[in-house]
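Novice: Here's a sequence, model it:
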Amino acid sequence: MAPSLKRRRDYENDHENGFSYKHAQRQAVCFNGATSPHYFDSWMDLDLPSDAISIGSDLADTEGNFGDETICYGALYGAQVLLNSQTDMPKETQPWARYCFFKIEPDGRTHYLAGGGETSSKKRSILDCDTAAILTLIAERSRDISFAVVLGVDILRGKRKKSGKGLPVEVSVNLYGPRNSMSEVDRALSEIGTYRTYLQHPAFLEPGTPYINPQFFYPSSQKTDLRHLVGSSSQESDIKSKLSQEVEDVMESLDGSSEDITAAKSEDVQQILDNFLLNTRLKEYAIYQITC
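Specialist: Below is the predicted model:
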């Protein structure tokens with residue numbers, strides 16, 4: 001079996017490797033809709049295509065039987081949408097759903113969220129220019145590829161002003177296409193070679209759509225459905241976010257309340273700390289050091 005896909009992300013030596021940047025540079029329209037060119041930053045440098053080992057041979061048997069089947073390849077995270085106040089939740093969204101889908105409609109270098117029947121560019125939600133450039137590269141090198149923005153419904157259900165500037169919202173983008181195009185998609189992402197182009201588990205996926213990630217390490221050459229992993233990336237992100245918030249709360253309590261703690265009794269200090277450090281019990285001498 002061919003070895004798993006390997007990547008080299010040597011950002012500092014790209015020029016020494018003799019790789020030209022001209023294929024990596026793509027103009028994209030930013031949120032304000034200006035037509036000025038926007039290029040990939042240094043973190044968007046392309047790696048040598050020769051570093052990527054094609055996984056096509058590994059997929060030959062699997063793709064042969066279900067080559068035309070539409071699957072989800074995974075999701076790209078770190079994207080943003082400038083959410084227009086005119087953008088409403090898709091009608092097919094279930095009342096209990098946590099996420100909803102918006103198909104992406106490219107218009108030149110600009111990528112809009114589909115739906116709503118709105119034709120004016122000023123009243124449509126727009127995808128950020130860096131993500132749009134990545135999707136453009138993938139679409140150029142792979143056939144029958146489509147994309148969908150996954151957006152939390154709580155944002156759309158909340159109160160929003162019907163006028164004024166759009167609201168920047170963090171989203172993920174699901175990638176779809178034929179099963180037999182997995183290697184093409186993987187190769188296109190490998191040539192870009194940044195942390196933004198690693199396919200992760202989707203936060204949400206339509207019922208009945210197989211999820212087979214070409215960048216996932218499988219123990220054998222058979223690429224199986226990974227639907228049981230859908231949502232795991234977003235859960236990990238939520239856990240990290242909550243942990244960071246708890247640490248921040250602890251630090252703020254120690255910085256902003258130092259005078260109050262100094263004047264407090266030892267039992268009061270322990271009660272305050274218990275609110276943040278649930279599994280930590282300070283020794284008497286430690287509490288004494290804080291209160292003195």
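
Novice: Show me the helices in the stretch 101-250 of the chain, by range?
Specialist: 129-141, 153-157, 182-192, 232-256 (DSSP state H, counting those that start in this stretch).

Novice: Confidence-wise, which of those helices is weakest overall?
Specialist: The weakest mean pLDDT among the helices of the stretch 101-250 of the chain belongs to helix 232-256, with a mean of 58.

Novice: Give me the domain ranges for the chain.
Specialist: By the assignment in automatic domain parsing, the chain contains the domains 42-227, 241-291.

Novice: Comparing the ones you listed by mean pLDDT, which bottoms out?
Specialist: Looking at the domains of the chain, the lowest mean pLDDT belongs to domain 241-291 (a mean of 58).

Novice: who are the neighbours in contact with Lys123?
Specialist: Asn84, Gln86 (C-beta atoms under 8 Å, 6 or more residues apart in numbering). C-betas here are computed from N, CA, C, even on glycine.

Novice: how far away is Asp186 from Ile138?
Specialist: Separation of Asp186 from Ile138 (C-beta to C-beta, to the nearest Å): 10 Å.

Novice: An error on my part: the question was meant for Glu105.
Specialist: Glu105 sits 15 Å away from Ile138, going by C-beta to C-beta.

Novice: Comparing these two, which shows the higher neighbour count?
Specialist: Legend: neighbour count by other C-beta atoms under 10 Å for Glu105 and Ile138, higher for Ile138 (23 against 14).

Novice: got the contact list for that one?
Specialist: Ile138 sits in contact with Ile145, Leu175, Val185, Ala188, Leu189, where contact means C-beta under 8 Å, 6+ apart.

Novice: One more pass at 10 Å, please.
Specialist: Residues in contact with Ile138, defined by C-beta atoms under 10 Å, 6 or more residues apart in numbering, are 73, 76, 145, 147, 175, 177, 184-185, 187-189, 191-192, 197.

Novice: Ala132 - how many residues pack around it?
Specialist: Applying other C-beta under 10 Å, we find 26 residues neighbouring Ala132.

Novice: ok, now Val230?
Specialist: Neighbours of Val230 (other C-beta under 10 Å): 18.

Novice: what about the strands in the stretch 51-200 of the chain?
Specialist: For the stretch 51-200 of the chain, applying DSSP state E, counting those that start in this stretch gives strands covering 70-83, 99-107, 110-113, 126-127, 146-152, 167-178.

Novice: So which of these is nearest Phe216?
Specialist: strand 70-83 (7.8 Å; C-beta to C-beta).

Novice: which ones are touching Pro168?
Specialist: Residues counted as contacts of Pro168 (C-beta under 10 Å, 6+ apart) are Phe31, Gln80, Val81, Leu82, Leu83, Asp128.

Novice: If we use 7 Å, what do you get?
Specialist: Residues in contact with Pro168 (C-beta atoms under 7 Å, 6 or more residues apart in numbering) are Gln80, Leu82.

Novice: likewise the one 10 residues further on?
Specialist: Residues near Pro178 by C-beta under 7 Å, 6+ apart: Gly67, Asp68, Glu69, Thr70, Asp144.

Novice: just to revisit the earlier point, identify, from the contacts of Ile138, the entry nearest to Ala203.
Specialist: Leu76 (11.2 Å).

Novice: my guess is the closest one contacts Val185, does it?
Specialist: No: with contact defined as C-beta atoms under 7 Å, Leu76 does not count as touching Val185 (11.1 Å).

Novice: For stretch 198-213, measure first residue to last.
Specialist: One end of stretch 198-213 to the other measures 10 Å (C-alpha to C-alpha, to the nearest Å).

Novice: Tell me the buried residues in that stretch?
Specialist: Leu199, Gln200, His201, Pro202, Ala203, Phe204, Leu205, Thr209, Pro210, Tyr211, Ile212, Asn213 (16 or more other C-beta atoms under 10 Å).

Novice: Strands - which of those residues land there?
Specialist: Per DSSP state E, strands hold no members of the buried residues of stretch 198-213.

Novice: Would you format these as CSV with distance to Thr119 included?
Specialist: As requested, the buried residues of stretch 198-213 are exported to CSV (distance: C-beta to C-beta, whole Å):
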residue, distance to Thr119
Leu199, 33
Gln200, 33
His201, 35
Pro202, 30
Ala203, 29
Phe204, 28
Leu205, 29
Thr209, 29
Pro210, 34
Tyr211, 33
Ile212, 36
Asn213, 36
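
Novice: What is the nearest of these to Phe101?
Specialist: Set against Phe101, the nearest of the buried residues of stretch 198-213 by C-beta to C-beta is Phe204 (7.7 Å).
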